[in-house]
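*Asks:* Build me a model from this:
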Amino acid sequence: MRVLLVNPPRSPHNAILDHAPPEAQRFIHRKLIGPPLGLLTVAAALKGHEVTLLEMKGEYDLDPAAPPPEQLLRRWMDRCRPQVVGVTFIASEYPAGMELLLAARQFDPAVVTVAGGLHATLCPGDFAAPVVDVVCPGQSARTFAQLVAALEHGRPVERVPSLYVNGPHGLRWSGDSTTLFDPAGDGFMVPERSLLRPWLSTYRVGSSPGPVTYLYTSLGCPQRCTFCSIWPGFNGRFFQRSVESIVSELAALAEYPVVRFADANTVVDTAFIGRLLDAIEAAGIRKEYVMDMRADTAAANPRLVERLARAGLKVVICGFESTRDEELSRYHKAASAAAIDEAIAVFDANGIAVRGNYVISPDYDEADFAALAAYAGRYPVTYAGYTILTPMPGTQLHQEKRSQIVDGDLAKYNFFNCVLATKLPLEQFYEHVGRLWMIKKGLEVI
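*Replies:* You can find the predicted model right below:
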C-alpha cells in the first residue's frame, strides 16, 4: 500500500521571543534540530509498502517561504497518491496536525487517516473527530504495520489490537494485544533514516562538518518529575536497549559525525554505560556525542563523566530546573541544588559544554528572577535554556493545575508561552524571561 507519513510544522507561538528585549531575541531558541525517529521507526515496520515521508519541519527550514502546510500536504498527496496518511502529534502541534488530517480527507475522502505520537498516547480522546479514522497510541510501529496489512487485505481494522478506531459512536478500543512486547528489546526497530535524504542538511549543530542524528539507548524514564510527559507516555516503565543493539546502530551511522542520545536520561545504569563505552571503543567508533544527564548522577560519578569525555561526549543537556531545593522537591525532581553545583564543576573540569535548562514558574516575582539571573551568571554553563512551567496534557502537573489554566490553546503548549496565571503582569513576566537569555549567549539548540 501507499503510505504518507507526516511530521507537522513547529508551533509558531513564542511569547518569550515576542516580548523579549531586541538585544536578547537573537539568543532565544526557536527550534529543535533532529529527525522524527517515531515516523522513521514506523517506516521501518512498513517494509514491502510504498512509504513516503513529508518532514515539514525540514521543509520550512530549507525554505521558510514554502507554501502553507495544508497546501504543501496536498502537493505531496498529489505526487504520491497515498491510501493511508499518518500524522505524529505532540501537544503544541495538535492544531496544525488536525488541520493536516482535514486537508488529507478533503483531498481524498477515501484516504485512511491515522494519528500517533505522544499526544495521541496521552490524550486519545482529543482525536474523536471525523477527520481521524484510527489512533495508534504508544510505541505503535508494529501496530501501524498490522493496520496497513489489514487494510491491504480487506480485514476489519477493529480486529487489530491496540488501536482506537473511530466510528458512529466515537473512538472504540480494539483490545489489548496478547503478545508481549519490549520496544527496546526484541521489538526494537532501527529507524529508516534513508527517508531523510531531502532534509539532511537541516540537521546541523554549530560548526559540525556533518548532520546530527538522534539515537535512543533507552525508552521511558524511571524518574517521576511532575511536569514531564515521557514517563506517563510509557506508563512509568523504563526500557533499556542492549549494548549490542546500540553499537550496531552506531556503526551504521557513518554520515553522522554527531549523535544526540535522545533518551530522557541516558545515564540510568552506570555499569551499563561502562559496558557500552567498552563496546564502542572495541568497535573503533569515533563520534562526538550529546546526551541528557542528571546533575546528581554526574556529581556522584565524576570518573564516569571523565571517561565519557574521552569517548567523545561534548555537550550535556542537564535539567537544572531550579536552583532551590523547595522547587526541586515540588517538581519531584529528586535532586538537590548542591548536586547541580557539583555537576557543573565536574563537567567543566572535563571540558564538556553544559546546556543548563531552567524552568520558570508563573509565580516568579522580581526577586525570583534576580536570584535566578545571579545564579545562572555565576557558573560556567556554555548554553542555557529558560522554559516556562507548562501543565502538559497527560502529566501530573496538568492534573494539579487544571483549574488554574487560563489558556487552553494547545499550540501554545511548547514551553515558550505561559498558560497559567502569572504573579507579575504577563508582559513584564515575559520580558524578565527574555532578559535571562542574555546571560549565557549560547545559540545552539541540540
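*Asks:* What is the burial count for residue 41?
*Replies:* When neighbours are counted by other CB atoms under 10 Å, residue 41 registers 22. Heads up, the C-betas are built off the backbone N, CA and C, glycines and all.
*Asks:* repeat for residue 132
*Replies:* By the criterion of other CB under 10 Å, residue 132 has 24 neighbours.
*Asks:* Local confidence estimate at it?
*Replies:* Looking at residue 132, its pLDDT is 98.
*Asks:* Three-state assignment for it, please.
*Replies:* coil (DSSP: H, G, I helix; E, B strand; the rest coil).
*Asks:* Check the contact between it and residue 167; I expect there is one.
*Replies:* No - Residue 132 lies out of contact with residue 167 (CB atoms under 8 Å); the separation is 11.0 Å.
*Asks:* And the pLDDT at the nearest residue to residue 418 once chain neighbours are set aside?
*Replies:* Sequence neighbours aside, residue 388 is the residue nearest to residue 418 in space, at 5.0 Å (criterion: CB to CB, 6 or more residues apart in numbering). What the model reports for residue 388 is a pLDDT of 95.
*Asks:* List the residues that contact residue 388.
*Replies:* Shown in contact with residue 388 (CB atoms under 8 Å, 6 or more residues apart in numbering): 16, 359-360, 362, 415-418, 433.
*Asks:* mind redoing it with 7 Å?
*Replies:* By CB atoms under 7 Å, 6 or more residues apart in numbering, the contact set of residue 388 is 360, 415-418, 433.
*Asks:* just residue 99 next, same as before
*Replies:* Shown in contact with residue 99 (CB under 7 Å, 6+ apart): 69-70.
*Asks:* mind checking which helix or strand it is in?
*Replies:* helix 94-107 (DSSP states H and E).
*Asks:* Which positions in that helix come out as buried?
*Replies:* Along helix 94-107, these residues count as buried under the neighbour rule (16 or more other CB atoms under 10 Å): 94-105, 107.
*Asks:* Stretch 10-22 now?
*Replies:* Within stretch 10-22, the residues that count as buried by 16+ other CB under 10 Å are 10-11, 14-17, 19-20.
*Asks:* And for stretch 24-44?
*Replies:* For stretch 24-44, burial by neighbour count (16+ other CB under 10 Å) applies to 24-25, 27-29, 33-44.
*Asks:* who touches that stretch?
*Replies:* The contact list for stretch 24-44, computed with CB under 7 Å, 6+ apart, reads 5, 7, 10, 14, 16-17, 20, 51, 53, 55, 86, 88, 117, 141, 144, 189-193, 195-196, 203, 205, 212-214, 216, 260, 262, 385, 434-435, 437-438, 441, 443, 445-446.
*Asks:* redo that, cut-off 6 Å
*Replies:* Here stretch 24-44 makes contact (CB atoms under 6 Å, 6 or more residues apart in numbering) with 5, 7, 10, 16-17, 20, 51, 88, 141, 144, 189, 191-192, 195-196, 203, 205, 214, 434-435, 437-438, 441, 445.
*Asks:* Would you mind checking these for buried ones?
*Replies:* Neighbour counting by 16+ other CB under 10 Å classes 5, 7, 10, 16-17, 20, 51, 88, 141, 144, 189, 191-192, 195-196, 203, 205, 214, 434-435, 437, 445 among those as buried.
*Asks:* Could you pick out which of those are located in helices?
*Replies:* The members of the buried ones among the contacts of stretch 24-44 that map onto helices under DSSP state H are 16-17, 141, 144, 434-435.
*Asks:* could those be laid out in JSON lines, adding distance to residue 399 and pLDDT?
*Replies:* Shown next, in JSON lines, are those (distance: CB to CB, whole Å; pLDDT from 0 to 100):
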{"residue": "16", "distance to residue 399": "25", "pLDDT": "92"}
{"residue": "17", "distance to residue 399": "29", "pLDDT": "91"}
{"residue": "141", "distance to residue 399": "29", "pLDDT": "95"}
{"residue": "144", "distance to residue 399": "29", "pLDDT": "97"}
{"residue": "434", "distance to residue 399": "30", "pLDDT": "90"}
{"residue": "435", "distance to residue 399": "32", "pLDDT": "89"}
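*Asks:* how far away is the closest residue in space to residue 170 that isn't next to it in sequence from residue 225?
*Replies:* With sequence-adjacent residues excluded and distances taken as CB to CB, 6+ apart, residue 170 is closest to residue 128, at 5.0 Å. In this view, residue 128 and residue 225 are 29 Å apart by CB to CB, to the nearest Å.
*Asks:* Same drill for the two, tell me which one is more crowded.
*Replies:* residue 225 (22 against 13).
*Asks:* That one: what's it in contact with?
*Replies:* Each residue near residue 225 by CB under 6 Å, 6+ apart is listed here: 331-333.
*Asks:* Kindly recompute the last result at 10 Å.
*Replies:* Contact analysis of residue 225 by CB atoms under 10 Å, 6 or more residues apart in numbering lists 231, 264, 319, 321, 328, 331-335, 359, 395-397.
*Asks:* List only those of the residues you listed flagged as buried.
*Replies:* 231, 264, 319, 321, 328, 331, 333, 335, 359, 395-397.
*Asks:* Go through the helix or strand bottoming out on mean pLDDT in the chain and flag the buried ones.
*Replies:* Lowest by mean pLDDT, DSSP states H and E among the helices and strands of the chain is helix 325-330, with a mean of 76. Residues of helix 325-330 classed as buried: 327-328, 330 (neighbour count, 16+ other CB under 10 Å).
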